[in-house]
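A.B. asks: for reference, the sequence and a predicted model appear below.
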Amino acid sequence: VTLVVSNTIRNDTLTMANYVTVLNNIALTAITEDFESATFPPADFLIVDDGGDGITWMRDTVSSGFGIGTASLYIDNFDVNTTGKRDAFRTKNINLTTMGIPTMYFDVAYSPYDTSAAVGESDTLAVYASTDCGKNFSLLYLKGGAKLSADSSLATAAFVPTSSQWRKESIDLTSFVGQSDVIFSFENRSHYGNNL
C-alpha cells in the first residue's frame, strides 16, 4: 500500500508492505448453533424470561433435530400453564454487512395437544429481527398449532419428537443485507399446549 500526501510545498510518500489482508469467502461464513455444548445459553445468545418465573427456553438432551446429535432447544408448554407468556431466545448482534444473500435455516418439531385453536390461540413460534439493538422487532415468521406441526398428529402426552417429526424452515434475510447489528429472536407464545 502506498500513501501519497501532498500540499503546495512538497509531496510525501509512505509505502508499507503486507499492510492489506484479503479474507477469502467472508460472505460464506455461517453462524450455527446445534446446542450440543452443555453451556447454556450458548455464547452470543441470551434468554428473555417473560415474567421472570424461570420457566423458559432450555437445553434438552431427549431429542435433537432429525435425530442428529443429542440436544436441542426446548420449551415446556405442556406441564406448566404459562398462557400468554412470550419467552424469547435471542442472538446477540450479528453483522450481515458481508453476507451476499443471507438465509436463516432452523429445524423445528411440534405436535399440538389440540388443533381446534387458531394461530395466536395455540402454542406459536414467532421469529423476529431487530436492527436497533432490540428496541423494535419486525416479525419474520409466525406458525402455531397444526401449522407449526411437521405432521397432522396430535400429542395428548408431553411431546417428544422422533427423528421424522422434524422439519427444516428457512427465512430469507436479504432485506437485512448491509446491516451491521441484527438481533434475531425466537419467541414462544405459550397457550398451555405442548412442548416445542
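C.D. replies: Happy to help now that I have it. Only a predicted model underlies this, so the values are computations on that prediction, with no experimental measurement involved.

A.B. asks: and the nearest residue to Asn93 once chain neighbours are set aside, what is it in contact with?
C.D. replies: Using C-beta to C-beta, 6 or more residues apart in numbering and skipping the chain neighbours, the partner closest in space to Asn93 is Asp181 (4.2 Å). To be clear about C-beta, it is placed using only N, CA and C from the backbone, and glycine gets the same treatment. Contact analysis of Asp181 by C-beta atoms under 8 Å, 6 or more residues apart in numbering lists 93-95, 131, 133.

A.B. asks: Thr70: how many residues sit nearby?
C.D. replies: 13 (other C-beta atoms under 10 Å).

A.B. asks: now do Trp57
C.D. replies: Using other C-beta under 10 Å, Trp57 has 23 other residues around it.

A.B. asks: same deal with the one 10 residues further on?
C.D. replies: Residues lying near Gly67 (other C-beta under 10 Å) number 13.

A.B. asks: use 460 as the first number for this chain going forward.
C.D. replies: In the new numbering, first residue 460, that becomes Gly526.

A.B. asks: for the residue nearest to Asn552, give its distance to Ile490.
C.D. replies: When distance is defined by C-beta to C-beta, to the nearest Å, Asp640 is 14 Å away from Ile490.

A.B. asks: need the overlap of contacts for these two.
C.D. replies: By C-beta under 8 Å, 6+ apart, Asp640 and Ile490 have these common neighbours: Ile553.

A.B. asks: what ranges in this protein fall below the confidence cut-off?
C.D. replies: Residues of the chain meeting the criterion pLDDT under 70: 460-467, 470-488, 574, 576-580.

A.B. asks: which residues in it form strands?
C.D. replies: 461-465, 470-474, 504-507, 517-519, 531-533, 545-550, 562-567, 583-589, 597-603, 626-631, 642-648 (DSSP state E).

A.B. asks: which stretch among those strands comes nearest Leu613?
C.D. replies: strand 597-603 (14.3 Å; C-beta to C-beta).

A.B. asks: list the buried residues in that closest one.
C.D. replies: 599-603 (16 or more other C-beta atoms under 10 Å).

A.B. asks: with stretch 511-525 instead?
C.D. replies: Within stretch 511-525, the residues scored as buried using 16+ other C-beta under 10 Å are 514-519, 522-525.

A.B. asks: Leu607 touches Ala585, doesn't it?
C.D. replies: No. Using C-beta atoms under 8 Å, Leu607 is not in contact with Ala585, being 10.4 Å away.

A.B. asks: which of these two has more residues huddled nearby?
C.D. replies: Neighbour count, other C-beta under 10 Å: between Leu607 and Ala585, Leu607 has more, with 23 against 20.

A.B. asks: that concludes my questions; thank you for your assistance.
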